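Chemist: Structure for this input, please:
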Amino acid sequence: MYSNGDIFVGEIIGTAILILFGAGVCAAVTLNHSKAKASGWIVIAFGWGFGVMAGAYTAAPLSGGHLNPAVTLGIAVDTEKWDKVWIYLAGQMIGAMLGAVLAYLVYLAQFNANGTRGTKAVPGTHTPTPTLGIFSTIPEIRNPVANLLTEIIGTVALVLPILSFGLTKGLGESGTQILIVAFLVVGIGLSLGGPTGYAINPARDLGPRIVHHFLPIPNKGTSDWSYAWVPVAGPLIGGLLAGLLYNAAF
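Modeler: Presented below is the predicted three-dimensional model:
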């Protein structure tokens, strides 16, 4: 259906757009000297949703627009086609890292001003802003079991509907399915994102975390590698469970 090269390129481009929008909205809300400073969780949820929409519509003609290893895994469980899974995952990881770098470049001046004296518009000296939350997820209450369950349930709530949308005749061909998935991601963020920040996508969390570790961001804080396994394992388990549940129920 899709060639290996098209899958690889499509997933790189689509996932890069997703992370550019997602990390970008987190930077906009978080960093000092941003016009969207402190605009809140609803803005973040819609920013990620629009990122899914833009990335998936762009990648769809080339790869189907998975943009998420959990989605790829759920589809593979459903279809029993595993030969191209590694190509999807490679493209998604590279795209996630590329998108994180692009978001950093968009907010370069704000990152460089992190913790330094403000401008005329925002006078005074600012406490350095921790930056990991711009790139990756951080739990509000650190409890590995609870955090893992949150990510598993949130990912099932994403992947199972995506698989089920394929049962509605013409939804995929019309392009409406991608729009609905974008709003699904917004809904997950609003309803289920509070405990952990809703990674629901291993590449979305791990790729930008790697980039955060290496970027020369002043006062950037920790990359929190002790937690990094949760937003990888949770979505992968959730994607697997969604695929199994879909096969059992539909």
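
Chemist: where along this protein do the strands fall?
Modeler: In the chain, no strands are defined using DSSP state E.

Chemist: which helix of it spans the most residues?
Modeler: helix 4-30 (DSSP state H).

Chemist: Check which helices and strands that helix sits against.
Modeler: For helix 4-30, the elements it packs on are helix 41-63, helix 85-106, helix 132-135, helix 202-214, judged by 3 or more Cβ pairs under 8 Å, 6 or more residues apart in numbering; DSSP states H and E. Where C-beta positions appear, they are placed from N, C-alpha and C, glycine not excepted.

Chemist: and of the ones you listed, who's closest to Val29?
Modeler: Closest approach to Val29 among the helices and strands packed on helix 4-30 (Cβ to Cβ): helix 41-63, 5.8 Å.

Chemist: Just the residues contacting the closest one, thanks.
Modeler: By Cβ atoms under 8 Å, 6 or more residues apart in numbering, the surrounding residues in contact with helix 41-63 are 2, 6-11, 13-22, 24-26, 28-29, 36, 65-67, 88, 91, 175, 178-179, 181-183, 185-186, 189-190, 193-194.

Chemist: and the longest helix of the chain, which residues are buried?
Modeler: For helix 4-30, a neighbour-count test (16 or more other Cβ atoms under 10 Å) marks 6-30 as buried.

Chemist: what's the offset of that helix from the middle of its chain?
Modeler: Averaging C-alpha positions (Cα atoms, centre = their mean, to the nearest Å) puts helix 4-30 8 Å from its chain's average.

Chemist: what angle sits between that helix and helix 41-63?
Modeler: Angle of helix 4-30 versus helix 41-63, following axes from the mean of the first three to the mean of the last three Cα atoms, to 10 degrees, is 170 degrees.

Chemist: Could you pull up the mean pLDDT of helix 4-30?
Modeler: For helix 4-30, mean pLDDT rounds to 98.

Chemist: cool, and stretch 181-188?
Modeler: 97.

Chemist: center of this protein, which residue is that?
Modeler: The centre of the chain sits closest to Arg204, judged by Cα atoms, centre = their mean, with a distance of 3.7 Å.

Chemist: And that residue, how far from Ala248?
Modeler: According to Cβ to Cβ, to the nearest Å, Arg204 stands 27 Å off from Ala248.

Chemist: cool, Trp82 as well?
Modeler: 19 Å.

Chemist: Looking at these two, which is more packed in?
Modeler: Higher neighbour count among Trp82 and Ala248: Trp82, with 11 against 7, using other Cβ atoms under 10 Å.
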